[in-house]
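Novice: just the structure for this:
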Amino acid sequence: MKKAYLYAGGAIFFWSTAATVSKILLRELNNIQLLWMNSLWAGVFLLVLNIALGNFKKHKDYTVKDYLVMAAISIPATVLYYVFYYAGTDILPASQAFIINYLWPIMSLIFACVILKEKLTAKKIIAILISFFGVIVVVGGDLGNFDRQMLFGALYCILGAISYGLYTALSKKMPYDKMMTLMVGYFIAFIFTTVLNFVRGDLFIPAANQILGFAWSGIFTAATANTCWALAIANGKTEKISNLAYITPFLSIVWTAVFLREEIGVNSLLGLGIIVFGIIMQLKKTEKTESAG
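Specialist: Numbering: from 1, shown residues only. A predicted model of the protein is given here:
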């Protein structure tokens, strides 16, 4: 279990930088262009890592069907999640988009109950309701200025959360190597976005000042963070590990305030506080139950 917490900690740190880096890159790119470069760096990094660790030798018995299943498992995380999250971040302030997107741990609990047949307890239902209420508070503070674009931004972030929650459950259900699975997924994302950008006439050569951002986004906030998270889920209980993810928005707010100079609204802090309060309540009840057992 300690190993699971270490993996989760790495994922949390790298994810906390995602909103800031992606918002900077989206100033000059659209969401599909960003995913194109992001998936290239992530796929190549995982390819090198898998070769270095000898994963290809260890998993030489994988069949074509196995690789197709890996692709299906990873697409929600490597394609759908980023398409929706980047689209939402492009519209909303980075901090707000990031907080709304953090419905995904709750989505993990929901899909764990549906796909992994984990028990849907009263504590989980309470956590789900509190988290959704927290998101309403985050968005609700701007209702006076709420236009159609902001509505789409919030919807994109929620769809991204659903996509990643689905991946979390599928990743735990299927016994494939996590780094191999994500590598396949990122190369699928690269192929898909290459074709889409070509059709749309959006292919480009990265500028020198963009390369560092693409490298950080692809290697750390994508490949490393997602691999760490998959390993954390595989080595721990879904509900406990998922709850730790709520630390990430607090770190993300620090980065957006420092590097993007975004003003953090009271509604964002209040909504995030409500989410975390619900999670802390659930954790305390869980600890008492385990102690009694």
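Novice: how about residues contacting stretch 183-202?
Specialist: 30, 32-33, 35-36, 39-40, 42-43, 46-47, 50, 67, 70-71, 73-75, 77-79, 82, 203, 222-223 (Cβ atoms under 8 Å, 6 or more residues apart in numbering). All C-beta atoms are positioned from the backbone trio N, CA, C, and that covers glycine.
Novice: for that stretch, the distance to its chain's centre please.
Specialist: On the basis of Cα atoms, centre = their mean, to the nearest Å, stretch 183-202 sits 19 Å off its chain's mean C-alpha point.
Novice: next one: stretch 24-42
Specialist: The answer for stretch 24-42 is 15 Å, by Cα atoms, centre = their mean.
Novice: and it, what's buried?
Specialist: 25-26, 29, 31-42 (16 or more other Cβ atoms under 10 Å).
Novice: among the residues you listed, which are in helices?
Specialist: 25, 31-42 (DSSP state H).
Novice: which of these lies closest to Ile274?
Specialist: Using Cβ to Cβ, Asn31 comes nearest to Ile274 of those, at 28.7 Å.
Novice: what's the nearest residue to the closest one if we skip its chain neighbours?
Specialist: Leaving aside its chain neighbours, Asn31 sits nearest to Tyr86 (3.5 Å; criterion: Cβ to Cβ, 6 or more residues apart in numbering).
Novice: give me the residues contacting the helix or strand harbouring that neighbour.
Specialist: Taking DSSP states H and E as the definition, Tyr86 sits inside helix 81-91. Helix 81-91 is contacted from outside by 19, 22-23, 26, 30-32, 34-35, 38-39, 97-98, 100-101, 149-150, 152-157, 159-160, 163-164, 167, 189, 222, using Cβ under 8 Å, 6+ apart.
Novice: ChimeraX command for the buried members of those?
Specialist: Buried subset of those, written as a ChimeraX selection, criterion 16+ other Cβ under 10 Å:
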select :19,22,23,26,31,32,34,35,38,39,97,98,100,101,150,153,154,156,157,159,160,163,164,167,189,222
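Novice: so for stretch 192-207, mean pLDDT?
Specialist: Per-residue pLDDT over stretch 192-207 has a mean of 96.
Novice: with just CA atoms, put it into CSV.
Specialist: Provided in CSV are the C-alpha atoms of stretch 192-207 (Å, rounded to 0.1, in the frame of the first residue of the first chain):
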residue,chain,number,x,y,z
PHE,A,192,-5.4,9.9,-34.9
THR,A,193,-4.4,13.6,-34.4
THR,A,194,-1.9,13.4,-37.2
VAL,A,195,-4.7,12.4,-39.6
LEU,A,196,-7.1,15.0,-38.2
ASN,A,197,-4.6,17.8,-38.3
PHE,A,198,-3.7,16.9,-41.8
VAL,A,199,-7.3,17.0,-42.9
ARG,A,200,-7.9,20.3,-41.2
GLY,A,201,-4.6,21.8,-42.5
ASP,A,202,-3.3,22.3,-38.9
LEU,A,203,0.0,20.4,-39.1
PHE,A,204,2.9,22.6,-37.9
ILE,A,205,6.6,22.6,-37.0
PRO,A,206,7.0,23.4,-33.3
ALA,A,207,8.7,26.7,-32.5
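Novice: I'm done for today, thanks for sticking with me.
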